[in-house]
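>>> Pasted the sequence and its predicted model underneath.
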Amino acid sequence: MANRIVDSARSILNKFIPDIYIYTDHMKGVSSGKSPGFGLSLVAETTNGTFLSAELASNPQGQGAAVLPEDLGRNCAKLLLEEIYRGGCVDSTNQSLALLLMTLGQQDVSKVLLGPLSPYTIEFLRHLKSFFQIMFKIETKPCGEELKGGDKVLMACVGVGFSNLSKTLK
């Protein structure tokens, strides 16, 4: 099963770069947490050290259509390529986490360059505004010579200066 997933993901990714390393971890029964299916998690590292990821898992038995391992591998590879195209310093899955950390950070300006905002991130920005009364400065950066792939968004805000009151001082 694992080899079928790896071969199908590699068939897509090898068209772009030949030195791809996909490691497998095969477990059954109790050692897998009694997982009802299979999945794939792909991570790409950019030349400047940014990690972009894509994950996909099969549907549990009896819940939705059965997924072939080959289809899962190909679809996950395509998701990773989409994340690479979107670019930015954070993949679309973790955009909201980066914005939350900026919000809770020091009372100073924080900036992050993201790919196009996901619908989840847009809704998360609305929640940040209602909970923390914080507004982000959103500046679009069209793709050009220095920015490859899709349009980028530069997000900036002043943190609320949240600190842990339970933390002991030494």
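Yep, that arrived. Bear in mind that the values here come from a model prediction, so they are computed numbers and not experimental data.

>>> Now do the helices in the chain.
Per DSSP state H, the chain carries helices over the ranges 2-13, 69-86, 95-104, 119-132.

>>> Dump those to CSV, plus mean neighbour count and mean pLDDT.
To be clear about C-beta, it is placed using only N, CA and C from the backbone, and glycine gets the same treatment. Shown next, in CSV, are these (neighbours: other Cβ atoms under 10 Å; pLDDT from 0 to 100):
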stretch, mean neighbour count, mean pLDDT
helix 2-13, 17, 95
helix 69-86, 19, 94
helix 95-104, 18, 96
helix 119-132, 13, 96
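
>>> Quickly list the domain ranges of the chain.
1-86, 94-158 (the TED database).

>>> Which one, of the ones you listed, ends up nearest to residue 166?
For the domains of the chain, the distance to residue 166 is smallest for domain 94-158, at 15.2 Å, taking Cβ to Cβ.

>>> distance between the ends of that closest one?
The first and last residues of domain 94-158 sit 20 Å apart, counting by Cα to Cα, to the nearest Å.

>>> any idea how far that domain is from the chain center?
Relative to the mean C-alpha coordinate of its chain, domain 94-158 is positioned 14 Å out (Cα atoms, centre = their mean, to the nearest Å).
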